[in-house]
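Participant: make a model of this:
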Amino acid sequence: MRPAAVGFQCPDDVRLGQVRQRTAVGATLRENSVIVTSGLILANMVAYLASMQGAPGGLTNPTGSKFFRAWQEFPPAIALNDEYYRLMTSAFLHVSLLHITLNMVALWFVGPPLERLLGPARFSALYLLGALGGSGAEYVFGDALQSTVGASGAIFGLFAAILLFARELRVDLRQITVTVVLNFILTFTIPGISVLGHVGGFVVGGAAALAIGGLPRNRVRLSATRQWGGLVLLLSVLVVTDLIRTAAFPSFG
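Facilitator: As a prediction, this is how the structure comes out:
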C-alpha cells in the first residue's frame, strides 16, 4: 500500500487509473459515512416505540408490553425454548427514555469515527459482536432468572475499539481512557446496571477490534480474509459458549 494525503492507495488501483483511498484497516475511505450508525440509532428508536405499545407505563416505561417481553433476554426462554434470537433483540430494547437517550448519545459520539475507519461492514460486525458479547455474558454467567436489555454491551464494545484504534483515529488516548474508566466506575457503583453485559461487550468488542486491526503497536494491515476469519472465529466461540450454557442450564421443573 502507498500512503496518500488521507488514508492509503492500492498499487493495483493506481495502475488501473482508479485511485481509491483506503483506511488503515483496508476499508474504502468515506469521509462522511454514518449510515450504519444512523441506522442503528433509528432501529433502537423504532424498537422503543414498538415496545411502548400496550405497555402500562407507556412512553416512560415500556417494560410491560408484549413486544418487550418477547424480545428481552430471559435465560429460561433461551435455554428451554431455543429462543436464541433474544440474545440479539434484547440489545435493541431499553427500559426508559433516559436509558435509550444515554445509549444513543454515546453511540452517536463513538460510532461515526469508527464507522469511517472500519467501513460499514466491519463496523456492523463490531457492533453486533459487542452486543452478543454483552448478552452472552449475562446468559452464561448471570442469574438464570434475570431478564436483561439494552445496547450498552455494544456501546462498551465500541469503547474497547476506540482505545485500540486511538492512533488511527487521532484521538487523545488519555481522554478516551478516562472516559472508559469513568463508565466502568458507574457500571460497578450504580444499582441495576448490567455489569456482566458491559464487561462482556467490552471484552468481545476488543477481541473483534484486534481481529480487524491486529495489535496496536507496529500495526500492519491484515488481509480481508484474515480479518473476517477472525471475526467468524470469535462468533463461533460465542455460539459454542452459549450452547454449553444451555446444556448446563438448571431445571426448574
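Participant: confirm residue 112 sits in a strand?
Facilitator: No - under the criterion used here (DSSP: H, G, I helix; E, B strand; the rest coil), residue 112 is helix, not part of a strand.
Participant: got a list of what it touches?
Facilitator: Residues in contact with residue 112 (CB atoms under 8 Å, 6 or more residues apart in numbering) are 33, 34, 37. In this view, the C-beta of every residue, glycine as well, is placed from N, C-alpha and C.
Participant: what residues are up against residue 106?
Facilitator: Contacts for residue 106 (CB under 8 Å, 6+ apart) come out as residue 155.
Participant: that older thread, so which of the contacts of residue 112 is the most crowded?
Facilitator: residue 37 (25 neighbours; other CB atoms under 10 Å).
Participant: what about the nearest residue to residue 241 once chain neighbours are set aside, which helix or strand?
Facilitator: Closest residue to residue 241 in three dimensions, ignoring its sequence neighbours and counting by CB to CB, 6 or more residues apart in numbering: residue 140, at 5.7 Å. Here residue 140 sits within helix 97-141, counting by DSSP states H and E.
Participant: what's the first helix or strand after that helix?
Facilitator: According to DSSP H and E, the helix or strand after helix 97-141 is helix 152-164.
Participant: elements contacting the helix or strand following that next one?
Facilitator: Per DSSP H and E, the first helix or strand lying C-terminal to helix 152-164 is helix 166-169. Judged by 3 or more CB pairs under 8 Å, 6 or more residues apart in numbering; DSSP states H and E, the packing partners of helix 166-169 are helix 97-141, helix 173-189.
Participant: give me the contact list for helix 166-169.
Facilitator: Helix 166-169 is touched from outside by 23-25, 113-114, 117, 162, 172-173, 176, 213, 216, 219, with contacts defined as CB under 8 Å, 6+ apart.
Participant: between these, which is nearest residue 128?
Facilitator: Of all the contacts of helix 166-169, residue 114 has the smallest distance to residue 128: 13.3 Å, by CB to CB.
Participant: so that closest one sits right up against residue 163, yeah?
Facilitator: No - if you go by CB atoms under 8 Å, residue 114 and residue 163 don't touch, sitting 11.2 Å apart.
Participant: what secondary structure does residue 26 sit in?
Facilitator: Of the three states, residue 26 takes coil under three-state DSSP.
Participant: what distance do you get for it to residue 227?
Facilitator: Going from residue 26 to residue 227 by CB to CB, to the nearest Å gives 8 Å.
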